[in-house]
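Kindly generate the corresponding structure for this input.
(one chain, ligands or ions: 1)
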Amino acid sequence: MKLLATVASSALAAGWSYPETFSPGGSSWGPECTVQMRGSPIDLDYTYRHFHFMDCQEAWNMTGYDTQATWKFADNEHTVELTSDDVDANFSGGHIGNEYQFHSFHFHWGDKSGHGGSEHTINGHHTFAEVHFVHHRSDIDLTTGLGFGDGLAVLGFMIEVTDGDESNDAMGELARRLRWQSNKKGNEDGTIQNFDFSINDLTSGVDMNNFYRYEGSLTTPPCSEAVQWTVFKDPIRISEKTAANLLRSADLDDEHIEDNFRPVMPLAERDVIFYSDSSSAFKAAFRNERNFDHERHHRDYDWMHEDHEHEDKHDEEH
Ligand SMILES: [Zn+2]
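Numbering: from 1, shown residues only. Here you go, the predicted structure:
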């Protein structure tokens, strides 16, 4: 009974929970998450009329992402967040316009059935999970950054479960250790033991020259419209075992977190830019994929077309 009361009061203190629901009164997460001009996440749909293809002509300039570091984890009731005192990482380039300082990273995921998971969807499809590397403009701190349209930058990577090889060993090892350490009671916060890794170790295998960019918001309260989003096209690929470990990586008093993702928000009049390298082979492949998806999106058109043919025959008969 006492335990129950503690859990309930700490949930109240946090003030919000998944899933976010919408009613005539607005978002269950409060007014700041209700009236949004540039909400996140969104569906990254290349049939959308404000979707643009651009050559990536400005290389990423990244410093500190290869630092082998010791990491601290914290379960904040919504996700597991990792920070490191060893890491001083910042980036510019990639058409982002400012220099951004790394702050922390965290995960969003679905449930055992494979439902949901990632926050962003690509052409309507979720992947199993998504990892967010949160940055703030280097000239201001994170809290100040929430007040500026470009105050924060998040680098988002889709995480996909694969039958084949994992993209890298680091994500598997991190998930394994998070599960093992967070399952020990009273150990919701701690230091990852005997495993130092760099940010690059987690994202190796992803071609960073192909990415989506748009202006959005935090995907958790206070939903501040302060984020320049980058979502990479290539997913980080993980095994089923790693996926199972990730699902159990944030256990609070045996209450494990699942479905900690926000539904996609309307794009409205925002532009989404897909930057890619200038490889013509890549573009041709992407064009084929786009055409394929175009057929999928317009399956109803085929039905209408058949119906139309039927009408034509009908007309001929007369
Ligand atoms: Zn996030």
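
Thr144 against Ser138, yeah?
No - under the criterion of Cβ atoms under 8 Å, Thr144 is not in contact with Ser138, lying 11.7 Å apart. (Each C-beta comes from the backbone N, C-alpha and C, glycine too.)

pLDDT score for Asp253?
pLDDT, the model's per-residue confidence, is 58 for Asp253.

again, but for Tyr100
Among the per-residue scores, Tyr100 shows a pLDDT of 98.

List the beta-bridge partners for it.
Beta-bridge partners recorded for Tyr100 (DSSP bridges): Phe91, Arg137.

In contact with it, which residues?
Tyr100 makes contact with 90-92, 135-138, 152-153, according to Cβ atoms under 8 Å, 6 or more residues apart in numbering.

cutoff 10 Å now
Contacts for Tyr100 were tallied using Cβ atoms under 10 Å, 6 or more residues apart in numbering; they are 89-92, 133-139, 145, 150-155, 228.

Would you mind listing which of the residues you listed are buried?
In terms of neighbour count (16 or more other Cβ atoms under 10 Å), the buried residues within the contacts of Tyr100 are 89-92, 133-137, 145, 151-155, 228.

farthest-separated two in the residues you listed?
Ala89 and Gly151 (17.6 Å; Cβ to Cβ).

quick one: Thr203 from Tyr214, how far?
Using Cβ to Cβ, to the nearest Å, Thr203 is found at 20 Å from Tyr214.

number of nearby residues for Leu142?
By the criterion of other Cβ atoms under 10 Å, Leu142 has 16 neighbours.

Return the set of buried residues in stretch 78-93.
Buried positions in stretch 78-93, judged by neighbour count with 16+ other Cβ under 10 Å: 78-84, 87, 89-92.

Tyr275 contacts Ala59, correct?
No - proximity of Tyr275 to Ala59 does not meet the contact threshold set by Cβ atoms under 10 Å, at 11.2 Å.

Identify the contacts common to those two.
Shared contacts of Tyr275 and Ala59 (Cβ under 10 Å, 6+ apart): 94, 209.

Who has more neighbours out of these two?
The residue with the greater number of neighbours, taking Tyr275 and Ala59 and applying other Cβ under 10 Å, is Tyr275; the counts read 20 against 11.

element containing the more buried one?
For Tyr275, the host element (DSSP states H and E) is strand 272-276.

I'd like to know which elements that strand is packed against.
In terms of contacts (3 or more Cβ pairs under 10 Å, 6 or more residues apart in numbering; DSSP states H and E), strand 272-276 is packed against strand 43-44, strand 51-55, strand 211-216, strand 227-238, helix 280-297.

The third one pairs with which strands, and in what direction?
Going back to what we said before, that points to strand 211-216. Here strand 211-216 has these sheet partners by DSSP bridges: strand 227-238 (antiparallel), strand 272-276 (antiparallel).

Touching the shortest one from outside, list them.
To tie it back to what came earlier, the one meant is strand 272-276. Contacts for strand 272-276 (Cβ under 10 Å, 6+ apart): 42-46, 48, 50-58, 94-95, 207, 209-216, 229-231, 233, 282-283, 286.

Quick one: buried ones out of these?
Of the members of the contacts of strand 272-276, the ones counted as buried by neighbours, 16+ other Cβ under 10 Å, are 42-46, 51, 56, 94, 209-216, 229-231, 233, 286.

of all the strands paired with strand 211-216, which lies closest to Ser167?
Evaluated with Cβ to Cβ, the strands paired with strand 211-216 place strand 227-238 nearest to Ser167, the distance being 4.4 Å.

C-terminal to the closest one, what's the next element?
Toward the C-terminus, strand 227-238 is succeeded by helix 240-247 as the next helix or strand (DSSP H and E).

where does the stretch 1-150 of the chain dip in pLDDT?
Confidence mapping of the stretch 1-150 of the chain against pLDDT under 70 gives the ranges 1-14.
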